[in-house]
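> after the sequence you'll find the predicted model.
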Amino acid sequence: MKQPPFDHSLDPATPGDWQALRAQGHRMLDDMFDYLEHIRERPVWQPIPRAVRRAFDEPLPRQATSVEALHTAFLRDVVPFAVGNAHPGFMGWVQGGGTPVGMLAEMLAAGLNANLGGRDQMPLEVERQIVRWMRDLFGLPDTASGLFVTGTSVGNLIGVLVARAAALGADSRRTGIGDAAARLTAYTSAGAHGCIAQAMDLSGLGTDALRLIPMTADYRMDVGALVEAVAADRRAGRTPFLVAGTAGTVDVGAIDDLQALADVCRREQLWFHVDGAYGALAMLAPDLAPRLDGIGQADSIAFDFHKWGQVPYDAGFVLVRDGRRQLETFAADAAYLRRDTRGLSAGSPWPCDLGPDLSRGFRALKTWFTLKAYGTERLGRMISGTCALARGLAQRIEATPELELLAPVSLNIVCFRYRCASPDAVNAEIVTALQESGVAAPSTTVLNGHLAIRAAIVNHRTTAADLNALVEATVAIGHAITAAWRKAS
Ligand SMILES: *Cc1c(COP(=O)(O)O)cnc(C)c1O
């Protein structure tokens, strides 16, 4: 029987085609190394021209385009108009800078195209290695389970779902969460990230069941107020079940008193979850780790490798102290107990038993490369270094008469503003102008009703010179705006 010609593979067809793609690939790799090596010479961010935006509004391509042409379009239309979080002048929100090593590992992972939902494969051992490392880092027992997820938003959701199943019983997965769920109440700080409330929403418990506990003057959860809120809910016939502490709030970088929260949770028999999205990796820095005391008593911890850990996006992680609880929340009908002990179906439980994802990428590889290639001592020094830079920036602000600090600097986040009449409007304008200048990209937040310029020093590339440039540009833009407004009025 005559076979049809084999022409449907997407691989290069001939050795010569492979050779051409290989040469193209080496050029692409070199271009990204050039980008990273010379990133300081570029603006942090620039607005996207309308024509560039329009270039990505074309019909679905029916015909092939050369990879060379696509790469040219990527360099021309995409690279210059990214957010700029790899740039040392990027200080907006809390975003990691990535590393060249992480980039290479991501390429290797894509080449292998591993699916880490399950089965007996070495990529899963890489993920399990990281689970063991993180257990040790946070002081959790050997029975703790861990899982890579997209980010802490999903890590926090998993924490809430495991806590919910622990409170209602695993049967609630079959019966639905029912009336008992309507009485469950959870507690977090008023400074907590919005994804805690979102987790309450997605879990069906509702955001009304989340109590936002006021903060003390240093932006930590008021533990006395927490105890009172729990007692008040019990008196009202509610069932408190979860406290979510924060290690590094997004606004100011405050770390809740985790030991005190752990004590309250033990006394009150509540699930203790820690949102350590960016702050938990302060455990790698010997000078900062003591401030996280108590984190090892958490029932679950969510954090990101893609923030302070500098692993390329995305690389979130969640740990659950009692791994059985995580299995009880997600494993399908004890399928993991029926898997084989030999062949590809061995090695149970699998990651798909620990979370909602079946197909999963190899996030563990870029994380393993990052931890091994730099070592935790160097990563810890980098993390400490960003805090030292933040303290230096705070001193510089206090020494600059035009500027004032709006919050104490606890970790690596500095909130300040330009002093003037109508400071909220002027400082909002300053931040937009700073971003458009390409010199620095801070963001804003609102503290005690005042708009603050917020510089989060997360990027390992940021230096004191970048922060001096921020201060100088802030003062210059502030002068220009207030002068222009005075003239206009
Ligand atoms: C960034 C952050 C989150 C959300 O994490 P993602 O990785 O963006 O999903 C949650 N909590 C805190 C404190 C954060 O800083």
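Sure, I can see it.
> which strands or helices does the longest helix along the chain pack on?
The single longest helix within the chain, with elements called by DSSP state H, is helix 363-398. Judged by 3 or more Cβ pairs under 8 Å, 6 or more residues apart in numbering; DSSP states H and E, the packing partners of helix 363-398 are helix 100-112, helix 122-138, strand 145-149, strand 403-405, strand 413-418, helix 464-488. Using the backbone N, CA and C atoms, a C-beta is placed for each residue, glycine as well.
> if you set the cut-off to 6 Å instead, what comes out?
Under the contact criterion of 3 or more Cβ pairs under 6 Å, 6 or more residues apart in numbering; DSSP states H and E, helix 363-398 touches helix 100-112, helix 122-138, strand 403-405, strand 413-418, helix 464-488.
> and the helix or strand hosting residue 326, how far out from the chain middle?
For residue 326, the host element (DSSP states H and E) is helix 323-330. With Cα atoms, centre = their mean, to the nearest Å as the basis, helix 323-330 stands 23 Å off its chain's centre.
> may I see the buried residues of it?
323, 325-330 (16 or more other Cβ atoms under 10 Å).
> same check on stretch 166-175?
Under 16+ other Cβ under 10 Å, the buried positions of stretch 166-175 are 166-168, 172-173.
> same check, this time on stretch 132-149
So stretch 132-149, judged by 16+ other Cβ under 10 Å, has buried residues 134-135, 137-138, 140, 144-149.
> equivalent analysis for stretch 79-91, please.
Here stretch 79-91 shows 84-91 as buried, counting by 16+ other Cβ under 10 Å.
> go on, stretch 391-411?
Buried-residue list, stretch 391-411, by 16+ other Cβ under 10 Å: 392-394, 396-397, 400, 402-403, 405-407, 409-411.
> closest to the ligand among those residues?
residue 411 (11.1 Å; Cβ to the nearest ligand atom).
> which residue packs closest to the closest one, ignoring adjacent ones?
Leaving out its chain neighbours, the residue that sits closest to residue 411 by Cβ to Cβ, 6 or more residues apart in numbering is residue 253, at 3.6 Å.
> what sits against the closest residue to the ligand within the stretch 1-150 of the chain?
The minimum distance from the stretch 1-150 of the chain to the ligand, using Cβ to the nearest ligand atom, falls at residue 94 (4.7 Å). By Cβ atoms under 6 Å, 6 or more residues apart in numbering, the contact set of residue 94 is 250, 278, 307, 456, 458.
> are any of those buried, and which?
Here, 16+ other Cβ under 10 Å leaves 250, 278, 307, 456, 458 buried among those.
> please list which of those also come close to the ligand.
For the ligand, the contacts drawn from the buried ones among the contacts of residue 94 by Cβ under 6 Å from any ligand atom are 250, 278.
> if you look at the buried ones among the contacts of residue 94, which of them are in helices?
Reading helices off the buried ones among the contacts of residue 94, I find no matches (DSSP H).
> pLDDT added to the buried ones among the contacts of residue 94, as CSV?
Below are the buried ones among the contacts of residue 94 laid out as CSV (pLDDT from 0 to 100):
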residue, pLDDT
250, 92
278, 94
307, 98
456, 97
458, 97
